[in-house]
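Visitor: fold the following for me, if possible:
(2 chains)
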Amino acid sequence: MQGNFSLINFITTCVGFCFFFKKCGVKVWYGLIPGYREYKLSEIGNRKSEGKSYLFYSILSTIAIVAFEISSAMDEQNGLTDPGILTQWFALIYVIIIVPLLVYSIRIYIGVCERFGKSKWWIVLWIFMDWIVMLFWSLRKDFQPSAAEVIEDIPDSGITSTGSGTELTVNITDRTVKTLMSSRTLLKDIHLKVKPGHMVLLLGGSGAGKTTFLNAITGYEKANAEIELGTENIYKNYEQLKHSIGFVPQQDLMRGSDTVYCTLSDAAALRIPKSVPVAERKQRIDEVLDIFGLGMLKSSLVDKLSGGQRKRLSIAMEYISDPKLFILDEPDSGLDGVVAKSLFKKLREIADQGRIVIVITHTPDRVADMFDDVIVLAKDHDRTGRLTYFGSVDEVFSFFGKDSFEKILTAINQKEEGGEGRADELVKKYNSMMQSKTVGGETA
Amino acid sequence: MNENMKYIGRTKQTGIYIGKLFRMFVFQSDWKVIPMAAVIAAIVCSVIGATMNKTMEGTLRGAFALSCICIWNGMFNSIQSVCRERAIIKREHRSGMHISSYVAAHMVYQAFICIGQSIVILVVMNISKVKLAETSFITGSSTIDMAITFFLITYAADMMALLVSSVVKNPTTAMTLVPFLLIFQLIFSGSFFSFGEKSMANKASNFTISKWGIVSMCSVGYYNDLPMTSLWTAFEKMKDLKIEHSTLEKLDADREIVLILSQLEGYKMGDILDELKKNGTDEIIKKKCGENAQKAEYESNSMVIEDSWSNLILFTLLFAGLSVVSLKFIDKDKR
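Guide: Numbers count the residues shown, from 1 in each chain, chains lettered A, B, ... in the order given. Predicted coordinates for the structure are as follows:
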């Protein structure tokens, strides 16, 4: 009796899923595979990560059930009337797994309800009678998933940058993250060349791939790319070149129990080659303390510093090795306008010494005059980071037809983020501009 | 670029991080773990002091309680030490820090803390007049044997916590895992819950720090040579019971035993026990009970102690090694 009920339940659920998948444009036969069909359902509801977790737990629960059955059979064979300890454990594991399965299925159903614009109360029915809900939603014409905007694909720019001297040459074909079940391109088709002594603004909305781009060019997270600093390939010589690249993270990641001098001294020990004599190293530490105005604070604990002082120390830690490429991720976050301005002046001075300085900032307009070039990244319709503009500050406003960086950001941001959603259009515009320049004899 | 450009190696980096950790000890609240160990030890010693290393039960209880203190101390020394500064480690790893140097520095620093805590526990035991064995197998002093045992338990637990701290991403998760680890250590220590010889639980107990700690402490404390008081205590609880003919008749015992006991008819159990105490027979009974309750695993010899210590050292190295492996993946951390 129970076996018949399970079979009927399985068949009806399969039918429900198959009909539902047909409506949503997913391959119908996926509805026949328990676990994986919930994963596909999560894709419909834009809850892919929950779907992955659900799939993981459903595999685990299957293993637990199989183990339970085998163990029960062995108990019977051994003449045990009560279940053995192993059988009990497997049963317990299965019961425990039901909880996350339920939680993740609820999350998936919420996603599906949101996609269809239906009340979340449907979830109660989904849990107990998913096949009925599936069939009902499949057959009702007024139950339709909100369609994703279809935009034609953007062709690649076909540009390759060539470098010489101590320039930074970036040729990123793509940066793709592959997992067991999916692959996502985070960055695509970015080609540019930054001259030494230039201070570059890296602009882009959230999720546009700014940090991914920085990690790719520093070799920290390798992309399908050729990155050269001068004549050296960063990816091939990463272990040596990483000391020529200073990366200042957004947060002030330092230990509060160290003094300013200790922090710098330890940073110097890690970053400066051991062939440099101790006296010279000490001299460098004193020099950097002076450059960043930390000389008077060298005996102070990091915990006692103000936000601006900490930020300067964080930058000094990377500057101590005299890097050729200096990258700063939002160095002005949490700083007031005056302190931020003075910090950018300091960065300008560093660039003027012949170094490449790349800065991410969310308030670029107040320091626009400090930069030489601008890199604008934007999410295309696939949510892939694309180069929307690279060039001088003077030309960027005319390219976008805007008079401030804030307005440029509004133009490239997606509509659901409150932007104008013009990223794809602008990427195409930039690509064709670069292609025409290349044809006209200029290189990127 | 100079191809031969070299940067400081692992040993010097370890030195730098040891310095950082000791600065934390001084300037942050890390030093508080030493007085905390004293407070916990004082509470436990006030309870176990009377019977530890005097009776079998007292020794086992004491060994279990002291083992708990050491595991507790060790775990709380390190449980947050890595995960609380994970972002800093990621930054430093990017700048050329070797993970092995970082973990080695923690090992040196935590060894210092664990030694401190072990000494503190011993001092508290001494103040609380907890008896220690008079002779020793390994070092010539049972106090030093005990101190080494305390240190190894604390240090192994410390490294276990370091591993957890290296695996998890934040202190909240680390603290959530602590009770589970502690319960596993306590339940599977093998001292209070007896497991079948071939059971899974018995095998699991071999992978606990607590088991080897207790084995070592019992061995150092001559557990098998001590008297067992459980039976005598049970008799004492029946001191008001009067031996009567009707009671003896109900006994499902050998005829001869009933006859012997019938000679005690009319006496109270308390009177009989007092009589036995007068000529020292109680001690003989306790001793005999002890002889019959001896456990081979707690045998007092250098081999048992060395085995326990080796296992604890093995755990320590394993946990430290796994911490290094786990931290090697720190670059994969999401923002």
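Visitor: pLDDT value on whatever residue of the stretch 1-150 of chain A ends up closest to chain B, please?
Guide: Among all residues of the stretch 1-150 of chain A, A:Ile85 sits closest to chain B, at 7.1 Å; criterion: C-beta to the nearest C-beta. All C-beta atoms are positioned from the backbone trio N, CA, C, and that covers glycine. At A:Ile85, the model reports a pLDDT of 80.
Visitor: what's the pLDDT at the spatially closest residue to it that is not a sequence neighbour?
Guide: Leaving out its chain neighbours, the residue that sits closest to A:Ile85 by C-beta to C-beta, 6 or more residues apart in numbering or on different chains is B:Met200, at 7.1 Å. Per-residue confidence (pLDDT) for B:Met200: 80.
Visitor: I figured B:Met200 hits A:Gly84, correct?
Guide: No - using C-beta atoms under 8 Å, B:Met200 makes no contact with A:Gly84, being 10.8 Å away.
Visitor: these two - which one has more neighbours?
Guide: Under the criterion of other C-beta atoms under 10 Å in any protein chain shown, the comparison of B:Met200 against A:Gly84 puts A:Gly84 first, with 15 against 12.
Visitor: flag every residue of the stretch 151-300 of chain B that's near chain A.
Guide: Along the stretch 151-300 of chain B, the residues adjacent to chain A under the rule C-beta under 8 Å from any C-beta of the partner chain are B:Ser199, B:Met200.
Visitor: quick one: the helices in the stretch 51-200 of chain B?
Guide: For the stretch 51-200 of chain B, applying DSSP state H, counting those that start in this stretch gives helices covering B:56-78, B:86-94, B:99-127, B:142-167, B:171-187, B:200-205.
Visitor: can you put these in JSON lines and add distance to A:Leu270?
Guide: As requested, the helices of the stretch 51-200 of chain B are exported to JSON lines (distance: least, C-beta to C-beta, whole Å):
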{"stretch": "helix B:56-78", "distance to A:Leu270": "23"}
{"stretch": "helix B:86-94", "distance to A:Leu270": "7"}
{"stretch": "helix B:99-127", "distance to A:Leu270": "10"}
{"stretch": "helix B:142-167", "distance to A:Leu270": "20"}
{"stretch": "helix B:171-187", "distance to A:Leu270": "25"}
{"stretch": "helix B:200-205", "distance to A:Leu270": "42"}
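Visitor: A:Leu253: which of those is closest?
Guide: The minimum distance between A:Leu253 and the helices of the stretch 51-200 of chain B falls on helix B:86-94, with 4.5 Å, by C-beta to C-beta.
Visitor: what about A:Ile44, neighbour count?
Guide: For A:Ile44, the tally of surrounding residues (other C-beta under 10 Å) stands at 21.
Visitor: and it, what is it in contact with?
Guide: Taking C-beta atoms under 8 Å, 6 or more residues apart in numbering or on different chains as the definition of contact, the neighbours of A:Ile44 are A:Cys24, A:Val26, A:Gly111, A:Val112, A:Arg115, A:Pro145.
Visitor: so the second one sits against A:Glu43, correct?
Guide: If I follow you right, that is A:Val26. Yes - with contacts counted by C-beta under 8 Å, A:Val26 reaches A:Glu43, the gap being 7.5 Å.
Visitor: what is the neighbour count of A:Phe397?
Guide: Per other C-beta under 10 Å, the neighbour tally for A:Phe397 reads 16.
Visitor: quick check: closest non-adjacent residue to it.
Guide: If the residues on either side of it in the chain are set aside, A:Phe397 comes closest to A:Asp403, at 5.8 Å by C-beta to C-beta, 6+ apart.
Visitor: and what of A:Glu406?
Guide: Closest residue in space to A:Glu406, ignoring its immediate chain neighbours: A:Asp365 at 5.9 Å, by C-beta to C-beta, 6+ apart.
Visitor: part of a strand, is the one you found?
Guide: No - remark: A:Asp365 does not belong to a strand; assigned using DSSP: H, G, I helix; E, B strand; the rest coil, it is helix.
Visitor: so who does it touch?
Guide: Residues A:Ser404, A:Phe405, A:Glu406 are the ones in contact with A:Asp365 under the rule C-beta under 8 Å, 6+ apart.
Visitor: contact partners for the first one?
Guide: In other words, A:Ser404. A:Asp365, A:Phe397 are the contacts of A:Ser404 under C-beta under 8 Å, 6+ apart.
Visitor: ok, now with 10 Å
Guide: In this structure, A:Ser404 makes contact with A:Pro364, A:Asp365, A:Ala368, A:Phe397, A:Thr410, judged by C-beta atoms under 10 Å, 6 or more residues apart in numbering or on different chains.
Visitor: same thing with the second one?
Guide: Residues in contact with A:Phe405 (C-beta under 10 Å, 6+ apart) are A:201, A:203, A:361-368, A:371, A:374, A:376, A:393, A:396-397.
Visitor: and the buried ones among the residues you listed, selectable in ChimeraX?
Guide: For anyone working in ChimeraX, the buried entries among those, judged by 16 or more other C-beta atoms under 10 Å in any protein chain shown, can be selected with:
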select /A:201,203,361,364,367,371,374,376,393,396,397
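Visitor: just curious, which of the contacts of A:Phe405 is nearest to chain B?
Guide: Closest approach between those and chain B, by C-beta to the nearest C-beta: A:His362, at 15.4 Å.
Visitor: pretty sure that closest one contacts A:Pro331?
Guide: No - judged on C-beta atoms under 10 Å, A:His362 makes no contact with A:Pro331 at a distance of 11.0 Å.
Visitor: ok, and the closest residue to B:Tyr102 other than its chain neighbours, which helix or strand is that part of?
Guide: By the measure of C-beta to C-beta, 6+ apart, the closest residue to B:Tyr102 outside its immediate chain neighbours is B:Tyr17, 5.6 Å from it. Secondary structure from DSSP states H and E places B:Tyr17 in helix B:10-27.
Visitor: now swap in A:Arg175 and tell me
Guide: Following DSSP H and E, the helix or strand that holds A:Arg175 is strand A:168-178.
Visitor: picking up where we left off before, could you give the number of residues near the residue nearest to B:Tyr102?
Guide: Residues near B:Tyr17, counting by other C-beta under 10 Å, number 21.
Visitor: surely it meets B:Glu85?
Guide: No - under the criterion of C-beta under 10 Å, B:Tyr17 lies out of contact with B:Glu85, with a separation of 11.1 Å.
Visitor: residue ranges with poor pLDDT in chain B?
Guide: For chain B, the stretches with pLDDT under 70 are B:1-4, B:248, B:251-253, B:335.
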